[in-house]
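K.L.:
When you get a sec, could you give me coordinates for this:
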Amino acid sequence: ELARAQLLRACAHQYEEGDVQHWWHPAAEGETERGVRTRISDDLLWLPYVLCEYLEKTGDRDILEVPVSFLVSPTLAENERERYEAAETSAEKAGVLEHARRAVEQALRRGGGPHGLAKMGTGDWNDGMDLVGAAGTGESVWLTWFLTLVLERFASLCSGETRARYEAEARRYASAANAAWDGEWFLRGWYDDGQTLGASADQACRIDSIAQSFAVLCPLGDRDRAYRAVKSAMEHLFDREHQIVKLFAPPFDEGERDPGYIRGYLPGVRENGGQYTHAAVWLALALFRLGRGDEGHEVLHALLPAAHAPECYQAEPYVLAADVYANPQHPGRGGWSWYTGAAGWFYRTAVEELLGLRVREGRLYMEPCLPQAWSGYEAEWALTSGRLHLKIERTGTRGLLLDGKPCGDGIPLNQLRGEHQVLFSF
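P.N.:
Here you go, the predicted model:
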């Protein structure tokens, strides 16, 4: 219900053209809500992405036709980077599927740059890289992987010519991303002036984590290169001594390249080459998808506050920090806490990838990727009216029993009441 409500809320903060407010301030009753319209390139794509995730988990296709209004305001002028405004609400309403379609169409209208990659705009997921593509031609490899992933998944909700077009666009963008290869990892992108970002020859940001992890998460990424890219990310970005997973390395300092406001942070702090926990979880997720359970678990453990000495960490020990410093003067110091989407990603990666407990259309499946030293685990799963007692064992033989009886196609969560025993062997 929370996810459904948030999807509808996100739709209500989308403009008629398909772009969305980067953030907004909820208003008190009787007041007008205000938010910011930007040229940041990734935020609109999270709407179709989350919709696909929601449908996969719940099978709730009724949401596709729920009518939601749009925001209305003049599009950004040529010289406008962003605008903080009180947008009007449209008289028009459209179903959630149409909202997601407009987001995809707007992303495609923005087009690709000189190398066929999606344009960075005034920032992608790393909105601190707001000068890489501010002039309109800079490109993002990460955004291209993400756009490809969204196109592939969203196409399945469409039909006919629309579906075929999205699948063709996904292949075209994936081909460009696969070609952005630097020898041992993928580039992060290109600046407006045609200089590389995330290349081994660059002075700063020679390797960036998210361009490597999403090569794995994107279904059209070259598997051999994606494996090598993640291996390189672990070698260059995982500081095992200080238990820090850097966003990229080296950080930006004094130099000729200016990617944007991240250079205003000290080297090794926040987005400027520190650990940005959100991205670090994606690296763990990629490792699990590659079947590298030991390394995936190692990264997840490093992200916990308990992995750091309290006198060094200096943040709450019971919440994930949005960032952890990699600066040599304060290695392992916690940054902003209580302020990160990383906690949700961490939980899902631990439950769905490490433990392998996945829900698809209301059924629970077990697909663990455990460290070799683990023989199994036990867990409890809360039902609407009851509880599952799960026992997962590494035996070398695959099987699933529900209350002692074979259960071949997952556990039907919505049909169960009371206490039940589940034994899964693999």
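
K.L.:
what lines up beside the host helix or strand of Leu423 in the sheet?
P.N.:
Using DSSP states H and E, Leu423 sits within strand 418-425. Counting by DSSP bridges, the strands paired with strand 418-425 are strand 386-393 (parallel), strand 399-402 (antiparallel).

K.L.:
chain center to the longest helix seen in the chain, what's the gap?
P.N.:
Longest helix of the chain, by residue count under DSSP state H: helix 160-179. Relative to its chain's centre, helix 160-179 lies at 20 Å (CA atoms, centre = their mean, to the nearest Å).

K.L.:
need the strands paired with strand 418-425 in CSV with mean pLDDT, can you?
P.N.:
Output for the strands paired with strand 418-425, formatted as CSV (pLDDT from 0 to 100):
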stretch, mean pLDDT
strand 386-393, 97
strand 399-402, 95
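
K.L.:
picking that back up, for the longest helix of the chain, enumerate the helices and strands it packs against.
P.N.:
Packed against helix 160-179 by the contact rule (3 or more CB pairs under 8 Å, 6 or more residues apart in numbering; DSSP states H and E) you find helix 96-110, helix 141-155. In this view, the C-beta of every residue, glycine as well, is placed from N, C-alpha and C.

K.L.:
Tell me how many other residues crowd Phe154.
P.N.:
24 (other CB atoms under 10 Å).

K.L.:
Quick check: the gap between it and Leu147.
P.N.:
10 Å (CB to CB, to the nearest Å).

K.L.:
Take the strands paired with strand 418-425 and write them to a markdown table, including distance to Tyr227 and mean neighbour count.
P.N.:
A markdown table is the format used below for the strands paired with strand 418-425 (distance: least, CB to CB, whole Å; neighbours: other CB atoms under 10 Å):
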| stretch | distance to Tyr227 | mean neighbour count |
| --- | --- | --- |
| strand 386-393 | 26 | 16 |
| strand 399-402 | 30 | 16 |
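
K.L.:
For the closest residue to Leu64 other than its chain neighbours, grab the count of nearby residues.
P.N.:
Distances taken as CB to CB, 6 or more residues apart in numbering put Leu97 closest to Leu64, at 4.0 Å, once the chain neighbours are dropped. Here the number of neighbours of Leu97 (other CB under 10 Å) works out to 19.

K.L.:
The one 3 residues further on too?
P.N.:
Taking other CB under 10 Å as the neighbour definition, Ala100 ends up with a count of 28.

K.L.:
Now for it: which residues touch it?
P.N.:
Counting by CB atoms under 8 Å, 6 or more residues apart in numbering, Ala100 makes contact with Leu47, Pro48, Leu51, Phe154, Leu157.

K.L.:
my read: the second one touches Gln106, true?
P.N.:
Right, the one you point to is Pro48. No. The criterion here is CB atoms under 8 Å, and Pro48 misses it with Gln106 at 10.8 Å.

K.L.:
Same drill for those two, tell me which one is more crowded.
P.N.:
Neighbours per residue, other CB under 10 Å: of Pro48 and Gln106, the larger number sits with Pro48, 23 against 17.

K.L.:
residues contacting the more buried one?
P.N.:
So Pro48 contacts Ala100, Arg101, Ala103, Val104, Val150, Arg153, Phe154 (CB under 8 Å, 6+ apart).

K.L.:
and what of Gly356?
P.N.:
Counted by CB under 8 Å, 6+ apart, Gly356 has contacts Tyr365, Met366, Glu367, Pro368, Cys369, Leu370, Ile392.

K.L.:
what separates the fourth one from Leu283, distance-wise?
P.N.:
Spelled out, that is Pro368. Counting by CB to CB, the gap from Pro368 to Leu283 is 19 Å.

K.L.:
So the two - more neighbours on which side?
P.N.:
Ranked by neighbour count (other CB under 10 Å), Pro368 and Leu283 place Leu283 first, with 28 against 20.

K.L.:
so is Arg358 in a helix, a strand, or just coil?
P.N.:
At Arg358 the chain is in strand, as set by DSSP: H, G, I helix; E, B strand; the rest coil.

K.L.:
want to throw the contacts of Ala100 into CSV with secondary structure and pLDDT?
P.N.:
CSV is the format used below for the contacts of Ala100 (DSSP: H, G, I helix; E, B strand; the rest coil; pLDDT from 0 to 100):
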residue, secondary structure, pLDDT
Leu47, helix, 98
Pro48, helix, 98
Leu51, helix, 98
Phe154, helix, 98
Leu157, coil, 97
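
K.L.:
residues in contact with the one helix or strand Gly344 maps to?
P.N.:
Element membership for Gly344 (DSSP H and E) is helix 342-348. Residues outside helix 342-348 that contact it (CB under 8 Å, 6+ apart): Thr277, His278, Ala280, Val281, Trp282, Leu285, Leu300, Leu303, Val319, Leu320, Ala322.

K.L.:
What does the nearest residue to the fifth one once chain neighbours are set aside show for phi and psi?
P.N.:
Nearest residue to Trp282, sequence neighbours excluded (CB to CB, 6+ apart): Ser213, at 4.3 Å. Ser213 has phi and psi values of phi -60, psi -40 when expressed as degrees, to the nearest 10.

K.L.:
May I have the predicted confidence score for Ser213?
P.N.:
The model reports Ser213 with a pLDDT of 98.

K.L.:
gap between it and Arg163?
P.N.:
Counting by CB to CB - Ser213 and Arg163 are separated by 27 Å.

K.L.:
Thanks again, I'm all set now.
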